[in-house]
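I'll drop the sequence and a predicted model, then ask my questions.
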Amino acid sequence: MYSCSLMYLTIQMLRVLRNSVQNITTARHLSVLGIETSCDDTGIALLNQNGEVLGNVLNSQQKFHTRYGGIIPPRAQDLHRAKIAEVFENCIAQAQMTPEQLDAIGVTTRPGLPLSLLVGLRFAKHIARKYKKPLVPVHHMEAHALQARMEQNIPYPFLCLLISGGHCQLVFVRSPSKFSLLGETLDDAPGEAFDKIARRLRLFLLPKYEHWNGGRAVEDAAQHARNPSRFEFPLPLARDRNCNFSFAGIKNNSFRNIRAVERQEGTPPDGIIHQYHDFCAGLLAAVSRHLMNRTQRALEYTIPWFGNAPRSLVVSGGVANNDYIFNDLSHLATHYDCQAYRPSKKYCSDNGVMIAWNAIEKIKENSNCMRWDYDSLSICGKATLGENLLSAVAEANIKCKWVQASKWRRAMNETPQPLTAGQGIVL
């Protein structure tokens with residue numbers, strides 16, 4: 001009996017030692033590089049499996065493209081080419097590592113501007129071949145959806161609203177590889193609408209907003225509104241009981257309103273309407289209301305899917321930086337016993353960190369995602385996101401009693417603060 005007990009203890013000690021060695025090895029070796037070039041930002045980051053950011057370098061082209069009123073794909077490609085090697089070297093130096101210490105390279109392959117994606121993939125292949133490392137192809141929007149999990153304890157499954165300059169989608173996320181698409185934009189994305197409307201308002205003529213994107217400028221100007229209800233904006237897709245979005249109507253209505261006010265005020269070609277603060281407040285409220293309504297229907301549709309698991313709403317993408325919109329969505333979430341999350345603001349917009357983190361989540365789920373057949377990897381400008389359930393949501397024909405944002409904040413001339421349960425009106 002004594003020998004059996006001794007043998008049992010010995011086996012247990014060996015197991016503990018083996019697990020300790022495995023943990024140390026994993027922590028030491030699972031270091032992943034992320035390369036992001038889907039649009040106009042050259043982002044490269046290096047993470048370990050615990051989500052610690054060892055190096056993170058981002059080269060933005062925003063100032064260049066702002067001068068031309070939009071992104072010029074060939075020029076974006078040229079700027080990516082000119083900067084990507086430098087960004088990589090700076091990231092490695094910042095992490096105080098060598099390329100040989102990498103375990104894998106995650107790279108955005110879809111969706112995005114093809115010319116920009118091509119630069120990132122070619123550079124990733126070059127690094128992979130040179131240092132004999134596997135590649136992990138990453139879907140740009142999936143990376144946005146999972147980014148908040150790097151910093152916060154958000155269990156699967158969760159509902160995610162992806163809002164940016166190029167996308168607006170509602171997805172239910174069950175795992176790093178299982179997504180269900182519930183809604184998408186039929187035309188413009190919210191960030192795109194903000195950019196076009198802000199440019200038509202000529203906010204870029206104001207020194208403060210000269211190099212800001214449209215969404216940021218609109219949010220800032222709206223905080224100084226004296227009469228937020230001065231301008232009326234239509235509620236898109238009011239009769240459609242689905243989770244799709246449309247911002248073209250809001251954009252076109254904005255252009256008509258701006259022209260009318262310019263004629264009324266006699267605004268010169270290089271001038272700005274006097275009431276631009278009120279206009280921005282109305283615009284921001286209209287966009288936020290539309291996002292709230294479609295997200296509410298998605299919550300109604302997916303509540304049974306959570307089961308007994310905690311309910312979470314993740315808001316991600318560049319427009320998630322907007323405090324006004326995020327606080328409205330947080331307020332909505334409280335009515336469904338749901339916690340709202342978003343990534344840190346520095347990670348809401350495109351960056352290499354989200355690509356590296358997505359690769360890490362994929363590797364943890366299934367290490368077979370690491371690819372050595374470099375030549376088989378290619379880019380794709382347009383790509384679907386998970387299982388398409390758009391028709392199923394429409395067929396459910398869900399009618400909602402809309403949760404409205406708190407009116408007290410609409411009347412206050414200050415930065416929005418987080419909302420708590422019970423504020424607002426249910427109609």
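Thanks, I have the structure now.

so how many other residues sit close to the closest residue to Glu387 other than its chain neighbours?
Closest residue to Glu387 apart from its sequence neighbours, by Cβ to Cβ, 6 or more residues apart in numbering: Ser180 at 4.9 Å. Backbone N, C-alpha and C define where each C-beta goes, glycine included. Counted with other Cβ atoms under 10 Å, the neighbours of Ser180 add up to 20.

Relative to Ala193, how far out is Glu210?
Distance, Glu210 to Ala193, by Cβ to Cβ, to the nearest Å: 20 Å.

These two: who's more crowded?
Neighbours per residue (other Cβ under 10 Å) separate Glu210 from Ala193, with Ala193 holding more: 28 against 13.

how about low-confidence regions in this structure?
1-29, 63-69, 406-427 (pLDDT under 70).

mind running it again at 80?
For the chain, applying pLDDT under 80 flags the ranges 1-29, 61-71, 406-427.

Helices along this protein, start to end?
For the chain, the helices defined by DSSP state H occupy 2-29, 62-66, 73-95, 114-131, 140-146, 190-201, 214-222, 248-265, 276-306, 323-334, 345-348, 352-365, 390-396, 407-411.

I'd say the residue nearest to Glu387 and Leu389 touch.
Yes: applying Cβ atoms under 8 Å as the test, Ser180 and Leu389 come out as touching, 5.2 Å apart.

thinking again about what came up before, reformat the helices of the chain as CSV; add distance to Tyr374.
Shown next, in CSV, are those (distance: least, Cβ to Cβ, whole Å):
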stretch, distance to Tyr374
helix 2-29, 21
helix 62-66, 31
helix 73-95, 17
helix 114-131, 5
helix 140-146, 20
helix 190-201, 33
helix 214-222, 37
helix 248-265, 40
helix 276-306, 38
helix 323-334, 39
helix 345-348, 28
helix 352-365, 15
helix 390-396, 35
helix 407-411, 52
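
now for those helices, which one comes closest to Ile379?
Judged by Cβ to Cβ, the one of these that comes nearest to Ile379 is helix 114-131, at 3.9 Å.

how about the closest one: buried residues?
Neighbour-count burial for helix 114-131 flags Leu115, Ser116, Leu117, Leu118, Val119, Gly120, Leu121, Phe123, Ala124, Lys125, Ile127, Ala128 (criterion: 16 or more other Cβ atoms under 10 Å).

Okay, the closest residue to the fourth one other than its chain neighbours and Asp373: tell me how far apart.
When the adjacent residues along the chain are set aside, Leu118 lies closest to Ile379, with 5.6 Å between them (Cβ to Cβ, 6+ apart). Taking Cβ to Cβ as the measure, Ile379 and Asp373 are separated by 16 Å.

Those two: which is more packed in?
Ile379 (24 against 8).

Could you pull up the residues touching the more buried one?
Contacts for Ile379 (Cβ atoms under 8 Å, 6 or more residues apart in numbering) come out as Thr109, Arg110, Gly112, Pro114, Leu117, Leu118, Leu121.

hang on, Ala394 packs against Gly183?
No: using Cβ under 8 Å, Ala394 is not in contact with Gly183; the gap is 9.6 Å.

Touching both of those two, which residues are there?
With Cβ under 8 Å, 6+ apart, Ala394 and Gly183 have common neighbours Asn242.

Angles on the backbone of the nearest residue to Ile303 once chain neighbours are set aside, please.
In this structure, Ile303 finds its nearest non-sequential neighbour in Tyr336, 6.8 Å apart by Cβ to Cβ, 6+ apart. Dihedral angles of Tyr336 (phi, psi; degrees, to the nearest 10) stand at phi -120, psi 20.

ok, how many other residues are close to Tyr336?
18.

same check, this time on Tyr374
14.

Of the buried residues of helix 114-131, which is the nearest to Met141?
Of all the buried residues of helix 114-131, Met141 sits closest to Leu117, with 13.2 Å by Cβ to Cβ.

Apart from its chain neighbours, what residue comes closest to that closest one?
Among residues not flanking Leu117 along the chain, Ile379 sits closest, at 3.9 Å (Cβ to Cβ, 6+ apart).

same check, this time on Asn242
Distances taken as Cβ to Cβ, 6+ apart put Ala394 closest to Asn242, at 4.2 Å, once the chain neighbours are dropped.

before we move on, what about Lys399?
With sequence-adjacent residues excluded and distances taken as Cβ to Cβ, 6+ apart, Lys399 is closest to Arg241, at 6.5 Å.

The one you found - how many residues pack around it?
Using other Cβ under 10 Å: Arg241 sits among 15 other residues.

Report the contact partners of it.
Per Cβ under 8 Å, 6+ apart, neighbours of Arg241: Arg297, Ala394, Ala396, Asn397, Ile398, Lys399.

switch to 7 Å and redo it
Applying Cβ atoms under 7 Å, 6 or more residues apart in numbering, we find Arg241 in contact with Ala394, Asn397, Ile398, Lys399.

What subset of the residues you listed is buried?
Ile398.
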